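Colleague: Here's my sequence, what's the structure:
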Amino acid sequence: NEAELNGRPGVDDDNNGCVDDIHGCDFVGKDGDPMDVFGHGTHVSGTIGAGANDGNAIVGVAWNVRILPVRFLGDDGGGSLADAIKSIDYAVAMKANMMNNSWGGGGFSQALMDSITRAKDAGILFLAAAGNNSNDNDASPEYPAAYQVDNVVSVAALDPTGKLADFSNYGKTSVHIAAPGVNILSYTMRGLESWSGTSMACPHVT
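Modeller: Residues are numbered from 1 along each chain as shown. Alright, predicted model coming up:
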């Protein structure tokens, strides 16, 4: 973020709600340092954008991508609805093209749906992990993947045989596409790790 890089320390130079957000924003720590601790966001980001031809073990789906890290989940993987909304609005303000949302939980929220709608109005796709409870999202919606907003793409997980993973949520009308989500190798701060979940499937589609 050039405006903050060349701005004044401790000041929200571009008035986007985040101070000194040179490399993204952390709504948990309330600062401009979205460094991952849990490892989930790093693993997802590697699937999307790990570099090619660099001697490392994996290659992302779109290795020339630019990724804007936005953190609203704490070290334990938990977070607040208010920070989720701030994160979406922040990505809209920063003119993201699409958002990878490998997270879920909580019931229906009109405020969260409104923030996703603001992203739609800005032309931004909202990719969301369908969830890992072997649940029919048509009958029992899991959010944010189940919001009926035109920019939401809900992603289920496939196993290595190409079948729906046994843990993956599904839904004839509420889940739109599936992608590999079992034993996905990507980076964390500890090195390469193999993880499974619709969180791992979602970045393939994003």
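
Colleague: among the helices and strands of this structure, which has the poorest mean pLDDT?
Modeller: helix 2-5 (a mean of 94; mean pLDDT, DSSP states H and E).

Colleague: For residue 176, give me its contacts.
Modeller: By C-beta atoms under 8 Å, 6 or more residues apart in numbering, the residues touching residue 176 are 153, 154, 155. Glycine gets a C-beta too; all of them are placed from N, C-alpha and C.

Colleague: Pull out the buried positions in whatever helix or strand residue 113 lives in.
Modeller: Residue 113 is part of helix 110-121 when elements are defined by DSSP states H and E. Judged by neighbour count using 16 or more other C-beta atoms under 10 Å, the buried positions of helix 110-121 are 112, 113, 115, 116, 117, 118, 119, 120.

Colleague: Using CSV, lay out those together with distance to residue 37 and pLDDT.
Modeller: CSV is the format used below for those (distance: C-beta to C-beta, whole Å; pLDDT from 0 to 100):
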residue, distance to residue 37, pLDDT
112, 24, 98
113, 29, 98
115, 25, 98
116, 26, 98
117, 31, 98
118, 29, 98
119, 26, 98
120, 31, 98
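
Colleague: What is the nearest of those residues to residue 98?
Modeller: residue 119 (9.2 Å; C-beta to C-beta).

Colleague: about what we covered before: centre of the chain to the least confident helix or strand of the chain, how far?
Modeller: 24 Å (C-alpha atoms, centre = their mean, to the nearest Å).

Colleague: Equivalent analysis for stretch 74-85, please.
Modeller: For stretch 74-85, the separation from the chain centroid amounts to 12 Å (computed by C-alpha atoms, centre = their mean).

Colleague: Would you mark the buried spots in that stretch?
Modeller: Going by neighbour count (16+ other C-beta under 10 Å), the buried part of stretch 74-85 is 79, 81, 83, 84, 85.

Colleague: Toward the C-terminus, what is the element adjacent to the least confident helix or strand of the chain?
Modeller: strand 25-26.

Colleague: of the contacts of residue 176, buried ones?
Modeller: 153, 154, 155.

Colleague: Need the residues you listed in CSV (columns: distance to residue 9, pLDDT and secondary structure).
Modeller: Output for the buried ones among the contacts of residue 176, formatted as CSV (distance: C-beta to C-beta, whole Å; pLDDT from 0 to 100; DSSP: H, G, I helix; E, B strand; the rest coil):
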residue, distance to residue 9, pLDDT, secondary structure
153, 38, 98, strand
154, 41, 98, strand
155, 39, 98, strand
